[in-house]
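> model the structure of this input:
(one chain, ligands or ions: 1)
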Amino acid sequence: MDGSERRSHAALAEDGATAEKPNWYREGLPHIWLPYAQMKTMTPPIPAVATRGSTLQLDDGRRLVDGVGAWWTAAHGYNHPHLLDAARAQLEPMPHIMLGGLAHEQAYRLAARLAALTPGDLGRAFFSESGSVAVEVALKIAVQYWRNAHGQTRSKFVAFLGGYHGDTFATMAVCDPDEGMHSLFQGSLAPQHILPLPDTPARHDALERLLAEDQSIAGVIVEPLIQGAGGMRMHDVETLRRIRAACDAPTAAGERQGPLLIFDEVFTGFGRTGEMFAADAAGVTPDIMTLGKALSGGVTPLAATLASARVYAAFHDDDPDKALMHGPTYTGHAVGCAVANAGLDLFEREPRLAQIRAIEAQCRAALAPLEALEQVAAVRVRGAVAAIEMAEAFDIEAARAWFIAQGAFIRPLGQVVYITPAYTIEPDELAALTTAMRRFAEERPV
Ligand code: PLP
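Here you go, the predicted structure:
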């Protein structure tokens, strides 16, 4: 292990160990506030200077195979020429214009393409810049839908244990209350119903009863098939069908119109689970779907909230008060939408779903045998996601540094060592990642 990886910021400041780091790093480190990090004790980040395909080029000359893909965004690999060309082609004539009062081709084309690509009649797209905001918009649409369409005040949501939907206040309230990193804020969050996923008929019955009885529930939100940030926990399509059925069951008053179903596909969308959307695998169409991450291939921030025809119809009215009053400054960012359109071209032109199937098969062959090890609690593989859950906790910072020393950028979540590679990863690069995971599970080096 590179000793400098393990030294804390405080130690770095004291002993001048940043001397070998670039100037921008040393000058910025005392001023930048990094994500999900105790700045005092964290392992200092490693400076990177370039990306290509599935590799990260470090400032000190090393190259790492990237198992994370820029927080699950770089689905087509880094620097895909078609994405970069699309960004350049948009940047020159018009990097962005506001969508208030003006229109540009890329956002309109993207909205039409997403409507055609997503299941059912999810025909309206609202654009934002992050998954959290896409979920905020989904929640806001659900609450206002009940007022607009039914004159009802419904403000509660049902979400599931193990779930993660973002870091903003409304999204924190629908994350797992204990594991969602936000327990500190509980007192400031609107209380919601957080239930176990209905993975058994008894849990389905409990969900159905709650939805029928509590008339303040506006919607049910779920990460379909894979709960990503909660540790790559997987459930089956039947669970999603049960949730849809519970939303559609008649209420105690005999009404057929139950809470809206929101699929948060920020992580699972665009092939990650092996189908274009998790909704496709389940044959279940939600009323609202959120997308982000792979939508813009790791090149620019972009997210979307899609609404079904029925949901949208509640807003389309002569009454100005029924409009959706939301408008992020960068909504429908022109470069972002151009890149997203180029990403959709790649799904059409390049064999993405076949590549994902090959990744799944290779990961399964390499990792499934580890389930026999006593120190391994579970091995989970689905689509382009592979995870090993260790039976016991380990030093996560030390594990991250150990992986880097193996030439792999892998960042465990809790007790779960996982990869979410680019769909374009080469078999030998993927083998480098799974070999590092296997060694970690077998040898427990930290
Ligand atoms: N929803 C899901 C399922 C996610 O996995 C994430 C991020 O990991 C988010 C929402 C929040 O997205 P963002 O980090 O872009 O705000």
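> show me which residues of the stretch 51-200 of the chain sit near the ligand.
When proximity is defined as Cβ under 6 Å from any ligand atom, the stretch 51-200 of the chain approaches the ligand at S130, G131, S132, V135, Y164, H165, G166. Any C-beta I mention is one placed from the backbone N, CA and C, and that applies to glycine too.
> repeat the analysis, applying 5 Å as the threshold.
Neighbours of the ligand within the stretch 51-200 of the chain, by Cβ under 5 Å from any ligand atom: S130, G131, S132, H165, G166.
> residues near the first one, how many?
The one in question is S130. Around S130 sit 20 other residues, with neighbours defined as other Cβ atoms under 10 Å.
> ok, now which ones touch E179?
For E179, the contacting residues are L161, G162, G230, G231, G414, by Cβ atoms under 8 Å, 6 or more residues apart in numbering.
> report the two of the residues of the stretch 51-200 of the chain next to the ligand separated the most.
S130 and H165 (11.5 Å; Cβ to Cβ).
> how much space separates the nearest residue to A75 once chain neighbours are set aside from the ligand?
Nearest non-adjacent residue to A75, counting by Cβ to Cβ, 6 or more residues apart in numbering: A294, 3.9 Å away. Going from A294 to the ligand by Cβ to the nearest ligand atom, to the nearest Å gives 11 Å.
> residues contacting A294?
Contacts for A294 (Cβ under 8 Å, 6+ apart) come out as W72, T73, A74, A75, G269, F270, G271, R272, G343.
> wait, G69 touches P421, no?
Yes - between G69 and P421 a contact is recorded at 6.3 Å, counting by Cβ atoms under 8 Å.
> on the three-state scheme, I141 is what?
Here I141 takes the helix state, with states given by DSSP: H, G, I helix; E, B strand; the rest coil.
> report the rounded mean pLDDT for stretch 304-318.
The average pLDDT within stretch 304-318 is 98.
> for that stretch, which outside residues touch it?
Residues outside stretch 304-318 that contact it (Cβ under 8 Å, 6+ apart) are 110, 114-115, 118, 120-128, 134-135, 137-138, 141, 144-145, 148-149, 260, 285-292, 295, 322-324.
> give the PyMOL command for selecting the buried subset of the residues you listed.
Buried members of the contacts of stretch 304-318, identified by 16 or more other Cβ atoms under 10 Å, are gathered into one PyMOL selection as follows:
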select buried, resi 110+114+118+121+122+123+124+125+126+127+128+134+135+137+138+141+144+145+148+149+260+285+286+287+288+289+290+291+292+295+324
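> lowest average confidence, helix or strand, in this structure?
Least confident helix or strand, the chain: helix 3-6 with a mean of 40, by mean pLDDT, DSSP states H and E.
> quick check: the gap between the spatially most central residue of the chain and the ligand.
With distances taken as Cα atoms, centre = their mean, the residue of the chain nearest its centroid is F267 (2.8 Å). Noted for F267: a distance of 4 Å to the ligand, by Cβ to the nearest ligand atom.
> let me know whether that residue touches V222 as I believe.
No - judged on Cβ under 8 Å, F267 makes no contact with V222 at a distance of 11.9 Å.
> residue of the stretch 101-250 of the chain closest to the ligand, please.
G131 (2.2 Å; Cβ to the nearest ligand atom).
> contacts only, for that residue.
H165, G166, D264, V266, F267, T290, G292, K293, A303.
> any stretches of this structure with poor pLDDT?
Along the chain, the parts satisfying pLDDT under 70 run over 1-17, 251-256.
> make it 90
The chain contains residues with pLDDT under 90 at 1-20, 43-44, 178-184, 186-188, 249-257.
> list phi and psi for A107.
Main-chain dihedrals, A107, degrees, to the nearest 10: phi -70, psi -40.
> what separates it from V299, distance-wise?
Using Cβ to Cβ, to the nearest Å, A107 is found at 16 Å from V299.
> got it, and T171?
24 Å.
> ok, back up a step: what's the nearest residue to the residue nearest to the centre of the chain if we skip its chain neighbours?
Among residues not flanking F267 along the chain, G228 sits closest, at 3.9 Å (Cβ to Cβ, 6+ apart).
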